[in-house]
Every structure is written in structure tokens, then in C-alpha cells.
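In: Just the structure for this:
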Amino acid sequence: MEGIKIGGGVDMINTKDLDPNFKYEVVKEHGGTNIMRCFACGTCTAGCPVRAIDDRYNPRKIIRMVLLGMKERVLKSDFIWLCSTCYTCYDRCPQDVRLSDIMTALKNIAVREGYIHPSFKEQAKLVGTFGRLYEVEDFDNKKRGKMGLPPVKKTFDDVTKIIKDTKLGEMIK
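Out: Numbering: from 1, shown residues only. Predicted structure coming up:
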């Protein structure tokens, strides 16, 4: 079995599982253009607020996995969905890799391939039901009324119709 060591020999992968064209697929995706500029300096990982909370999250490793062709592992990973798109990595990257955009590109590819994180499915279901991520209660509108604010609509039929009539509606069932 041929293998490649990643992260100091922690992971062992079979080279037969690699997709050498994956990086080119990412480059073609909107936002993925600059991925091959990365020279693994670690600036993205050092400044990442998600990394500060969970040291298993490693943006540099995700890029490396893409460049190596670890398509299935990247797309099935929870980690691409954890990016908070704070743009810290984007602002600090000396090579203008634009990692936040790459994470969005990876999410788009993952969705097309049928990998959607369960938390995002739930969020999409809420948006499909209420037109937002939470239900507006009568209590909320009463408080708004007391402050002189107009009531918030309980649902947005146009948003729910769009979700229902698009592929997103099918994906979140």
C-alpha cells in the first residue's frame, strides 16, 4: 500500500484514493482560483478564531488535502463547514490565497456532490418554513410595538416558495 504522511505522520492515506484533478476542480469553482498560491506558511491557521476554540481545525491542512487530491475526505469533512468566514485568513495571507472564498467554493462543491452538513440542512429547513432562521413569536412583535417599531412578518412566502421550487428544497428533505 502506497501512502502519504500528513501532519507529521498522523494520517496515512492510500494514493489510489487521491483525485489529482480535485485542485483544478476547486480552481474552476467561483472563489477557488488562488488555492495553488498557498505555500503552507500557516498564517491562516495561526489567526483562525475557530482554531482558537478547536485545535483540530486546521485551515492549512484543508488546503493541503485539496492540493493532494483528497476530495472525498475534504468534502465529507465537518471542517469545511466550520469556517466562520471572518476573513482573518483572507486579510493576513501573504500569498492572497483567499481561504474564506476557497471554503465557500468547497462547500458549493460538497453540496453538488451530495455532502451537506446536518446543521446547514436544519438551517435551510427553518428558512424554508419561516423565511428566516427563527420563528417570530407574538411576544416579539408586542415588544416591537411597545418600542414604536412595526411588526415583523411571521413568514416570508416568497422565500419559502423559492426554497420549495429549487433544488435546495429537494436537498433538505
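In: Could you tell me the model confidence score at the most far-flung residue of the chain relative to its centre?
Out: When distances to the mean C-alpha position of the chain are computed (C-alpha atoms, centre = their mean), the maximum falls on K146, with 39.0 Å. K146 is assigned 94 on the pLDDT scale.
In: And for Y134?
Out: Among the per-residue scores, Y134 shows a pLDDT of 80.
In: What sits closest to it if chain neighbours are left out?
Out: The shortest distance from Y134 to any residue other than its chain neighbours is 6.9 Å, reached at L126 (C-beta to C-beta, 6 or more residues apart in numbering). C-beta: built from backbone N, CA, C; applies to glycine.
In: again, but for T129
Out: When the adjacent residues along the chain are set aside, T129 lies closest to T160, with 6.8 Å between them (C-beta to C-beta, 6+ apart).
In: wait, that neighbour sits on K125?
Out: No: taking contact to mean C-beta atoms under 8 Å, the distance of 10.6 Å between T160 and K125 leaves them out of contact.
In: Now do the contacts for D17.
Out: The neighbourhood of D17, defined by C-beta atoms under 8 Å, 6 or more residues apart in numbering, consists of M70, E72.
In: now it: how far from I163?
Out: Using C-beta to C-beta, to the nearest Å, one obtains 35 Å as the distance from D17 to I163.
In: With C83 instead?
Out: From C83 across to I163, the span is 23 Å (C-beta to C-beta).
In: which stretches of the chain form strands?
Out: If DSSP state E is used as the criterion, the strands of the chain fall at 3-6, 11-14.
In: and those, which one is worst for confidence?
Out: Per-segment mean pLDDT for the strands of the chain reaches its minimum on strand 3-6, at a mean of 46.
In: Pull the number of nearby residues for L149.
Out: Other residues near L149 number 10, with proximity taken as other C-beta atoms under 10 Å.
In: Next: the one 5 residues further on.
Out: Close neighbours of K154, defined as other C-beta under 10 Å, add up to 14.
In: That one against R132, yeah?
Out: No: the pair K154 / R132 is not scored as a contact, 9.7 Å apart, by C-beta under 8 Å.
In: Tell me the confidence at the residue nearest to Y134?
Out: Predicted confidence (pLDDT) for L126: 85.
In: pretty sure it contacts L133?
Out: Yes: with the criterion set as C-beta under 8 Å, L126 and L133 qualify as a contacting pair; they are 5.1 Å apart.
In: neighbour-wise, which of those two wins?
Out: A count of neighbours by other C-beta under 10 Å puts L126 above the other of L126 and L133, at 15 against 10.
In: ok, the more buried one to N21 distance?
Out: As defined by C-beta to C-beta, L126 lies at a distance of 36 Å from N21.
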